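A.B. asks: Could you look at this predicted model? Sequence included:
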Amino acid sequence: MTRWAVVLAGGVGSRFWPLSTPSRPKQLLPLVNDRPLLVNTLERLTPLVPPDRTLILTNASLVEEIRKVAPLIPAENIIAEPKPAGTAAALTWAARLIEQRSARATMICVHADWAIADDEGFRAALETAERVAREEQALVTVGVVPTRPDPGFGYIEPGEETESGARKVARFVEKPDRRRAESMMHDGYLWNSGIFAWTVKDFLDEIRRLTPEVSAALESHGSGDLSDFFDAVKPVSVDVGVLERSDRVRVVPGDFGWDDVGTWGALRRVKPENDSGNVTSGEVVSLDARGNVVHAEGGPVVLYGVNDLVVVTRNGMTLVTTTDGSADLKRLIDSLPAHLRDLA
C-alpha cells in the first residue's frame with residue numbers, strides 16, 4: 001500500500017502582521033529558524049514520504065512562491081484551490097488525485113505552518129495513525145497531549161480503546177473557556193491538532209456517505225475540472241463535515257512538541273530566549289526587559305524596563321502590543337485605514 005502526504009498550505013497573512021501579508025502568509029515565513037515553516041514541514045515529512053508523493057494544497061496566489069521554496073515538489077503536485085471552500089473539499093480533491101495514481105494508497109494530512117520540537121516523535125505518531133487507519137479501516141486523528149489549558153484549541157475526548165490500541169472519539173469540543181480547558185486537560189482530553197491519516201478509499205466512502213456539501217460535486221466533477229468541482233461544493237471543514245458525523249473515527253495520542261504558532265506571542269514557546277530573556281530577530285538591545293518578542297527590520301530596537309511586549313518593525317511600520325494582545329491582530333487589522341493596513 002502506497003503512502004502519500006497532503007500538506008495544507010492555504011490561508012492569508014494576518015496572524016503575523018505586519019511581517020505576514022496575503023502574498024507572504026505565515027507558512028512562508030522563517031519564524032522558528034532560518035527556513036520557512038513550509039520548508040520545515042516538508043523536510044520533516046521526507047523520511048516518510050518522498051516529494052513525488054507529496055501534494056501541497058494552497059491558494060492560487062501562492063503557487064509561484066511555493067515552487068521557489070519547495071523545488072523538489074513536482075509542479076503538478078502543487079494544487080491551487082480556485083477559491084476557499086473548506087478543508088473537506090480540499091482533502092476530497094486531494095484524495096481523488098491520489099486514488100487516480102494509487103487506488104490503495106494511504107493519505108497523511110498535515111498543515112504547513114506548525115512548529116514541531118521532536119521530528120522523530122512526530123513521524124512515529126504518523127506511522128501509528130496510519131497503521132490504525134489500515135487495521136481498522138478508520139479515519140484517524142492524532143490528538144496532541146496538552147501542555148497547558150489553552151482555550152485557543154479544539155479538544156478531543158477519547159472514548160473506549162479499540163483492538164489496535166487506539167481510542168474511539170467520544171466527541172469533539174470547540175474552543176472552550178479557560179476554566180473548561182483546565183478541567184478537560186485534567187480529564188485526559190487531547191488537543192485537536194488537525195493531523196489525519198486514512199486510506200483514500202475509506203475517506204472518500206465517508207465523504208459520499210456523510211458529506212452532502214461535497215459528495216454531489218465529487219460524483220459530478222470529481223474526475224474533471226478543479227474549478228467546476230470547487231464551484232459545486234458547499235464550504236465545510238473536514239472536522240464538521242466528516243469527522244463529527246462518522247462512527248469510524250479513532251484518535252491516537254502524540255507528544256512531540258507540537259505548536260500551531262498562532263501568534264507573535266507563541267514564539268516564546270518555540271524559539272530560544274536570548275541571554276536577556278527575550279525572543280528576538282534583527283538588531284535588538286535591551287535592559288531590564290524580559291519576556292518580549294521583537295522582530296527588527298531596517299534598524300535597531302531598544303527596550304528598557306518593559307516586559308511581555310511584541311514589537312515588530314518593517315518597511316517603516318512599527319507594531320507594539322502585548323504578547324496576549326497579539327492573539328487578536330485580525331481585529332486590529334480590520335480597524336486600520338487601508339493605507340496603513342497595506343503598508344506592510
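C.D. replies: Looks like it came in fine.

A.B. asks: Could you tell me what pLDDT the model assigned to the most centrally placed residue in the chain?
C.D. replies: The centroid of the chain falls nearest to His111 when counting by Cα atoms, centre = their mean (3.3 Å). His111 is assigned a pLDDT of 96 by the prediction.

A.B. asks: how near is it to Leu37?
C.D. replies: 9 Å (Cβ to Cβ, to the nearest Å). (Glycine included, C-beta is placed from N, CA and C.)

A.B. asks: Same question for Ser20.
C.D. replies: Taking Cβ to Cβ, one finds Ser20 at 11 Å from Leu37.

A.B. asks: Overlap in contacts, those two.
C.D. replies: Here Ser20 and Leu37 have 26, 29 as joint contacts, going by Cβ atoms under 8 Å, 6 or more residues apart in numbering.

A.B. asks: sorry, back to before: if you tally nearby residues, what's the number for the nearest residue in space to the residue nearest to the centre of the chain that is not next to it in sequence?
C.D. replies: Nearest residue to His111 in three dimensions, chain neighbours excluded: Leu8, at 4.9 Å (Cβ to Cβ, 6 or more residues apart in numbering). When counting by other Cβ atoms under 10 Å, one arrives at 23 neighbours for Leu8.

A.B. asks: May I have the beta-bridge partners of Leu8?
C.D. replies: Leu57, His111 (DSSP bridges).

A.B. asks: on contacts alone, who are the packing partners of the longest helix anywhere in the chain?
C.D. replies: Across the chain, the longest stretch assigned as helix under DSSP state H is helix 119-136. Contacts defined by 3 or more Cβ pairs under 8 Å, 6 or more residues apart in numbering; DSSP states H and E place helix 119-136 against helix 37-45, strand 106-111, strand 139-144, strand 190-199, strand 249-254.

A.B. asks: Now with 7 Å, please.
C.D. replies: Packing partners of helix 119-136 (3 or more Cβ pairs under 7 Å, 6 or more residues apart in numbering; DSSP states H and E): strand 106-111, strand 139-144, strand 190-199, strand 249-254.

A.B. asks: JSON lines please, covering these and showing distance to Lys175.
C.D. replies: Formatted as JSON lines, the helices and strands packed on helix 119-136 follow (distance: least, Cβ to Cβ, whole Å):
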{"stretch": "strand 106-111", "distance to Lys175": "17"}
{"stretch": "strand 139-144", "distance to Lys175": "15"}
{"stretch": "strand 190-199", "distance to Lys175": "9"}
{"stretch": "strand 249-254", "distance to Lys175": "18"}
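
A.B. asks: and Val142, what are its bridge partners?
C.D. replies: Residues in beta-bridge contact with Val142 (DSSP bridges): Ile195, Val252.

A.B. asks: Buried residues of the helix or strand bottoming out on mean pLDDT in the chain, list them for me.
C.D. replies: The weakest-scoring helix or strand in the chain, judged by mean pLDDT, DSSP states H and E, is helix 338-341 (a mean of 76). Across helix 338-341, burial judged by 16 or more other Cβ atoms under 10 Å covers Arg341.

A.B. asks: and the spatially closest residue to Asp119 that is not a sequence neighbour, what does it touch?
C.D. replies: Spatial nearest neighbour of Asp119, chain neighbours left out: Arg44 (5.0 Å); criterion: Cβ to Cβ, 6+ apart. If you count contacts by Cβ atoms under 7 Å, 6 or more residues apart in numbering, Arg44 has them with 116, 119, 122.

A.B. asks: Can you show me the helices along the protein?
C.D. replies: Counting by DSSP H, the helices of the chain are 37-45, 63-69, 87-101, 119-136, 178-186, 200-210, 212-221, 226-232, 238-241, 267-270, 329-335, 338-341.
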